[in-house]
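A.B. asks: please work out how this folds:
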Amino acid sequence: MNKALRLRCVTTLSATLEFYDFTLLIFLAPVIAKVFFPGTEGLSTVMPVLLLFFAGYLARFVGGLVYSHTGDRHGRKASYIYSIVTMSLATLGIGLLPGYAQWGELAPLGLLVLRILQGFSLGGEIPGAVVFAAEHTETNKRGLVTGLVISGVTFGNVLASGVVGLLYFCFSDETVIAWGWRLAFILGSGLGLLSLWLRMSLEETPVFRSLEPSQDRVWPLKKLVQDHSLSLVRGTLVAALPAISLSVLFYMPRYQQEFLKIPSEVAFSMSTSAFLLLTGITLIMAILSDKIGRLSMIRVGSFIFMLLPTGFCLMTCQAFSPILALMPLLLGCGMVMGVYESSMAELFPTRARYSGVAFCHNLAFAFFGGITPIILEWMCARGWLLAPAFLPVGMALLLYLSSLGWEDRYRKDLTYI
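C.D. replies: Next up is the predicted model:
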């Protein structure tokens, strides 16, 4: 296998395996709530788990700052390897952690610590994979390789949703709650170790090696804020729309089971299909962006989101297939997701690229992505069932406005940005 193909395979597969580990919690929220938060009163039964989900997203921001600082000062490869070790160990810890019945209040505390470690790891993982892939690749294929990473991330959601659906298919609800859910986390830890083995064969990026030693002595975050504030705003907004959209999709099984009374196996089947469609759309748009640019994708994708409220109206009155109702979200999100990581990589110079991508990506996912399920649960529990449609629409409008005056650098060599 040649070097370029090996890089694409490793970064894509690694993103799949890492995100599988991270998203299991949200798909298993009702089960985790019963095991670690029994007898919850005064809140939705899954609200404590959604708060844990949010805590993981907050930890992503801190982890991104740490890993990206190391990556911009000392090289991309080391940070890219260490992030998967942390994720694998934390995921295994969750799979083996005793529940409330065995450990009492120590059980949810232990779950919180392990979830924070997962988030800390993911903060360096996805930006690291994107920068690593982009800096190893020629200009006219940068959209393709970063799109493969994000397609891998999305397929991690397919894998997580599919594994949880398989658990419900193979075991009774009681068995899944008793011990079956642990199998998903233990499997994820093993897959993470596979990812570690694959990463060991990669080399440092040529773009980073081209830096003069004197350029690698400043604190990247400080230079980032001083010199690239507008790029930080644009990068955060372009990442925020996928962050919200993915959180809406994560929430869909819960939404359909609790508020639309759709059976668990049907809800998870729809979720798996939606993420599978999104994976394909994302990759196609990423490849196309190497031909026509990133900004056209961002603008058209933002506009498509305006159709989403109509789809949700039809879905809530059960006059429309859920997967068809979600098509505006899947198509619009796929267009933006296909280009948002390459767009962020093209916003920043090499000496601050890892820090810039990590800052924007993790701030967007920590704030917008992490809090979205909490807002949706609160609003839907009060009868506002169209909330999952209007949150992405609002962010799509902001993103479209931010794209005005934005220079499209899809044809520029990253060494000279």
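A.B. asks: tell me the secondary structure of Gln318, please.
C.D. replies: Using DSSP: H, G, I helix; E, B strand; the rest coil, the structure places Gln318 in coil.
A.B. asks: likewise Ile262?
C.D. replies: Three-state secondary structure (criterion: three-state DSSP) places Ile262 in coil.
A.B. asks: for Gly39, same thing?
C.D. replies: Per three-state DSSP, Gly39 ends up coil.
A.B. asks: that one: how many residues sit nearby?
C.D. replies: When neighbours are defined as other CB atoms under 10 Å, Gly39 has 7 of them. Using the backbone N, CA and C atoms, a C-beta is placed for each residue, glycine as well.
A.B. asks: how far away is the nearest residue in space to Phe320 that is not next to it in sequence from Leu283?
C.D. replies: Closest residue in space to Phe320, ignoring its immediate chain neighbours: Leu314 at 3.4 Å, by CB to CB, 6 or more residues apart in numbering. Distance of Leu314 to Leu283, given as CB to CB, to the nearest Å: 28 Å.
A.B. asks: out of the two, which sits in the busier spot?
C.D. replies: Regarding Leu314 and Leu283, a neighbour count based on other CB under 10 Å identifies Leu283 as having more, with 23 against 15.
A.B. asks: what residues are up against that one?
C.D. replies: Applying CB atoms under 8 Å, 6 or more residues apart in numbering to Leu283 gives the contacts Gly147, Leu148, Ser151, Gly338.
A.B. asks: need the buried ones from those residues selected in ChimeraX.
C.D. replies: ChimeraX command restricting the contacts of Leu283 to the buried ones, with burial defined by 16 or more other CB atoms under 10 Å:
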select :147,148,151,338
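A.B. asks: can you tell me which of the contacts of Leu283 is closest to His136?
C.D. replies: Within the contacts of Leu283, the smallest distance to His136 is 12.1 Å, found for Leu148 (CB to CB).
A.B. asks: so what's the closest one up against?
C.D. replies: Taking CB under 8 Å, 6+ apart, we find Leu148 in contact with Arg8, Thr11, Thr12, Ala133, Leu283, Ala286.
A.B. asks: buried subset of the residues you listed?
C.D. replies: Arg8, Thr11, Thr12, Ala133, Leu283, Ala286.
A.B. asks: now flag whichever of the residues you listed is closest to Phe208.
C.D. replies: Taking CB to CB as the measure, Phe208 sits nearest to Ala133 out of the buried ones among the contacts of Leu148, at 12.8 Å.
A.B. asks: okay, buried residues for the helix or strand the closest one falls within please.
C.D. replies: Assigning secondary structure by DSSP states H and E places Ala133 in helix 106-135. Across helix 106-135, burial judged by 16+ other CB under 10 Å covers 107-108, 110-112, 114-135.
A.B. asks: what's the average pLDDT for the helix or strand that that helix is followed by?
C.D. replies: Sequence-wise, the next helix or strand downstream of helix 106-135 (DSSP H and E) is helix 142-170. The average of the pLDDT scores along helix 142-170 is 88.
A.B. asks: what about helix 142-170, distance to the chain center?
C.D. replies: Between the centre of helix 142-170 and the centre of its chain there are 10 Å (CA atoms, centre = their mean, to the nearest Å).
A.B. asks: buried ones in it?
C.D. replies: Of the residues in helix 142-170, 142-168 count as buried by neighbour count, 16+ other CB under 10 Å.
A.B. asks: now it against helix 106-135, angle please.
C.D. replies: With axes from the mean of the first three to the mean of the last three CA atoms, to 10 degrees applied, the angle from helix 142-170 to helix 106-135 works out at 150 degrees.
A.B. asks: correct me, but Ile327 touches Leu314?
C.D. replies: Just to correct that, residue 327 is Met rather than Ile. No - with contact defined as CB atoms under 8 Å, Met327 and Leu314 do not form a contacting pair (11.1 Å).
A.B. asks: check the secondary structure at Trp378 for me.
C.D. replies: Counting by three-state DSSP, the backbone at Trp378 sits in helix.
A.B. asks: let's see the pLDDT reported for it.
C.D. replies: Here the pLDDT value assigned to Trp378 is 91.
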